[in-house]
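Trainee: let's see this in three dimensions:
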Amino acid sequence: MKISSPAFENGGLIPVRYTCDGEDISVPLIFEDVPSGAKTLALVMDDPDAPAGVFVHWVIYNIPAGLSGLPEGLPPEPYLEGGIKQGVNSFGNIGYGGPCPPSCAHRYMFKLYALDSTLEADAGLSKHELLSLIEGSVIEGAGMMGIYER
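Mentor: Numbers count the residues shown, from 1 in each chain. Below you'll find the predicted structure:
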C-alpha cells in the first residue's frame, strides 16, 4: 500500500496553502495498492517535532477502501460523504489543522492504515482513541512525510 500527495513529494516541502500561514486547507492525498481485504482506511497526520510532544493535525477514519484518495480542502465537519468521519486534532478542532510550527522546520507524518472492518465509533475520536480502536484490525500500513518551516 502507498500514500502520496500531488501537492508535494515524500520528504518534500508542504506548500504554504496547506498551512496556518496560507489557506489552511487539507492536503490532497492519493492511495495506491490498498489490500483487497480492506474495508476502510484510517489516517493520522502528526508532528513529532512539536516542543511539547507529538502534535496531532488530522484524524480521519471510515474512509471507504475503494477510494483512490482524498481531495484537498475537506470541510472541517465530523461527518463527510461516504460514511467518512473526522476526529479531533491537537488544536481542539474537528478535521484538518495545517502545519503551524513555532520555529524551525518540522516533519509532518501521514500514516495510513488499511482496516478489515468499519469502525462503529462516532466522529470526534482522538488519535489515541482511534489507534486503540483499530488495534487488531490493521491489515497494512503506509506512510509519507512532509516538511514545513515558517
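
Trainee: work out the gap between the helix or strand hosting residue 60 and the centre of the chain.
Mentor: Residue 60 is part of strand 55-64 when elements are defined by DSSP states H and E. Put simply, strand 55-64 sits 4 Å off its chain's centre (Cα atoms, centre = their mean, to the nearest Å).

Trainee: repeat that for stretch 6-25.
Mentor: For stretch 6-25, the distance to the chain centre is 13 Å (Cα atoms, centre = their mean).

Trainee: so which bits of the strand holding residue 60 are buried?
Mentor: By 16 or more other Cβ atoms under 10 Å, the buried positions in strand 55-64 come out as 55, 56, 57, 58, 59, 60, 61, 62, 63. C-beta coordinates here come from the backbone N, C-alpha and C atoms, glycine included.

Trainee: do stretch 20-28 as well
Mentor: Residues 24, 25, 26, 27, 28 are the ones in stretch 20-28 that count as buried (16+ other Cβ under 10 Å).

Trainee: what does stretch 84-94 give?
Mentor: 84, 85, 86, 87, 88, 89, 90, 94.

Trainee: just flag the most distant two among those.
Mentor: The span of the buried residues of stretch 84-94, defined through Cβ to Cβ, is set by 84 and 90 at 20.3 Å.

Trainee: now the two most distant members of the buried residues of strand 55-64.
Mentor: 55 and 62, at 23.3 Å, using Cβ to Cβ across the buried residues of strand 55-64.

Trainee: contact partners for residue 60?
Mentor: Neighbouring residues of residue 60 by Cβ atoms under 8 Å, 6 or more residues apart in numbering: 42, 43, 70, 74, 84, 85, 86, 87, 95.

Trainee: name the nearest of the residues you listed relative to residue 120.
Mentor: residue 85 (10.5 Å).

Trainee: now do the same contact list for the closest residue to the closest one other than its chain neighbours.
Mentor: Sequence neighbours aside, residue 123 is the residue nearest to residue 85 in space, at 4.0 Å (criterion: Cβ to Cβ, 6 or more residues apart in numbering). By Cβ under 8 Å, 6+ apart, the contact list for residue 123 reads 78, 79, 85, 86, 87, 94.
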